[in-house]
Each structure stands twice: as C-alpha cells, then as structure tokens.
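Q: Below: sequence and its predicted model.
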Amino acid sequence: MKSQISFTTDLFATERPPEASHLQLGEDLATWLAEAASGGEFVFGKPYKAEWGWAVDAQSGSEKFIVGCGIMNESFDDAQADWLITVEMVRRWKFLGAKDSKLRSELCDLIQNVLRDKPHIREIRWTDHVGHFAPKNLA
C-alpha cells in the first residue's frame with residue numbers, strides 16, 4: 001500500500017528556521033499541492049500546521065484523508081531539497097472499516113500526476129514506510 005511519496009525540487013523554501021518556528025517549512029508545498037490538485041473529484045481544505053509539519057484535508061464523498069507535507073531532515077538549506085508527502089485515511093473508529101480504499105488509491109495517483117506535471121520536480125518515488133519530516137529531528 002502506497003503511503004508516502006518523496007521527491008526532489010528547488011520550488012519550496014528550505015532555509016533552516018529558528019527552532020521555535022520549525023513548523024513553517026512545508027506550508028508553501030501544502031498550499032501549492034492543494035491548488036494544483038483541486039478541480040476534480042477531491043475537495044481540498046486550507047493547509048494547517050500539524051505536529052510534524054503541514055497538512056491539508058482532502059475529501060471525496062464520505063471519505064476523508066489527511067495529506068501531510070514536509071521537508072526531509074537532511075535537506076535544510078539545500079537548493080535541491082528532498083520533500084515528503086504522506087496520505088492517511090481518516091477513520092471514525094480505528095477498529096472498524098478498511099485500512100485502504102479505492103479513493104485513497106485515486107488520491108495517491110492524483111498527487112503523483114500533479115508532481116509529474118511540474119518540470120522542476122524529479123526523483124518521484126513511493127514508499128510504504130514512515131519517513132522522517134524535518135520537525136522530528138531538528139539539530
């Protein structure tokens with residue numbers, strides 16, 4: 001099951017911020033992604049700060065998802081930085097319902113297509129494990 005997509009780009013801010021405001025990185029990515037992916041089957045909310053970076057809610061029908069956006073730890077201050085987007089399905093009851101859905105797969109495909117359409121985005125790759133956003137391990 002695809003859960004994270006990472007990629008390399010020079011499009012978003014990478015300057016290492018003071019520790020007190022480390023959650024600011026990724027807002028521009030979340031805003032851009034929500035705008036670029038809009039207009040189809042999914043409705044995207046406004047980006048918001050999350051515990052580990054930035055997130056945007058996506059919904060289609062009765063299914064809701066959280067799309068997380070953040071810079072990878074080793075990419076602070078890099079001109080070509082590595083970024084990570086995660087897709088999580090919001091379930092009302094953790095012990096009820098499927099862990100995956102057709103719509104989740106369609107949302108993942110949409111995100112991949114949006115990234116592929118942008119010339120400055122490269123090395124797009126899906127992973128199944130949890131990576132590390134920068135806010136978890138600030139040096």
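A: Perfect, thanks for sending it. Residues are numbered from 1 along each chain as shown.

Q: Quick one: list the elements packing against the longest helix that the chain contains.
A: In the chain, assigned by DSSP state H, the helix with the most residues is helix 102-117. Packing partners of helix 102-117 (3 or more Cβ pairs under 8 Å, 6 or more residues apart in numbering; DSSP states H and E): strand 4-9, helix 27-37, strand 53-60, strand 63-71, strand 81-90, strand 121-127. To be clear about C-beta, it is placed using only N, CA and C from the backbone, and glycine gets the same treatment.

Q: If you drop the residues flanking it in sequence, what lies closest to the residue nearest the centre of the chain?
A: Ranked by distance to the mean C-alpha position of the chain (Cα atoms, centre = their mean), the top residue is I85 at 2.6 Å. Excluding the flanking residues, the one nearest I85 by Cβ to Cβ, 6 or more residues apart in numbering is I5, at 5.0 Å.

Q: check contacts around the one you found.
A: Contact analysis of I5 by Cβ atoms under 8 Å, 6 or more residues apart in numbering lists L84, I85, V87, C108, I111, Q112, L115, I124, R125, W126, T127.

Q: Also C69?
A: By Cβ under 8 Å, 6+ apart, the contact set of C69 is G26, L29, A30, L33, P47, G53, W54, A55, V56, W83, L84, I85.

Q: From the residues you listed, which shows the smallest pLDDT?
A: Looking at the contacts of C69 by pLDDT, the weakest one is G53, with 82.

Q: if we can go back for a sec, CA atoms only for the longest helix of the chain - export them in PDB, please.
A: This file holds the C-alpha atoms of helix 102-117, laid out as PDB (Å, rounded to 0.1, in the frame of the first residue of the first chain):
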ATOM      1  CA  LYS A 102     -10.200   2.800  -3.900                       C
ATOM      2  CA  LEU A 103     -10.500   6.600  -3.300                       C
ATOM      3  CA  ARG A 104      -7.200   6.600  -1.300                       C
ATOM      4  CA  SER A 105      -5.500   5.000  -4.200                       C
ATOM      5  CA  GLU A 106      -7.000   7.600  -6.600                       C
ATOM      6  CA  LEU A 107      -5.800  10.400  -4.300                       C
ATOM      7  CA  CYS A 108      -2.300   8.900  -4.400                       C
ATOM      8  CA  ASP A 109      -2.500   8.700  -8.200                       C
ATOM      9  CA  LEU A 110      -3.700  12.400  -8.400                       C
ATOM     10  CA  ILE A 111      -0.800  13.600  -6.200                       C
ATOM     11  CA  GLN A 112       1.700  11.600  -8.300                       C
ATOM     12  CA  ASN A 113       0.300  13.100 -11.500                       C
ATOM     13  CA  VAL A 114       0.400  16.600 -10.100                       C
ATOM     14  CA  LEU A 115       4.100  16.200  -9.200                       C
ATOM     15  CA  ARG A 116       5.000  14.700 -12.600                       C
ATOM     16  CA  ASP A 117       3.400  17.600 -14.400                       C
END
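
Q: Since that was my last question, I'll sign off now.
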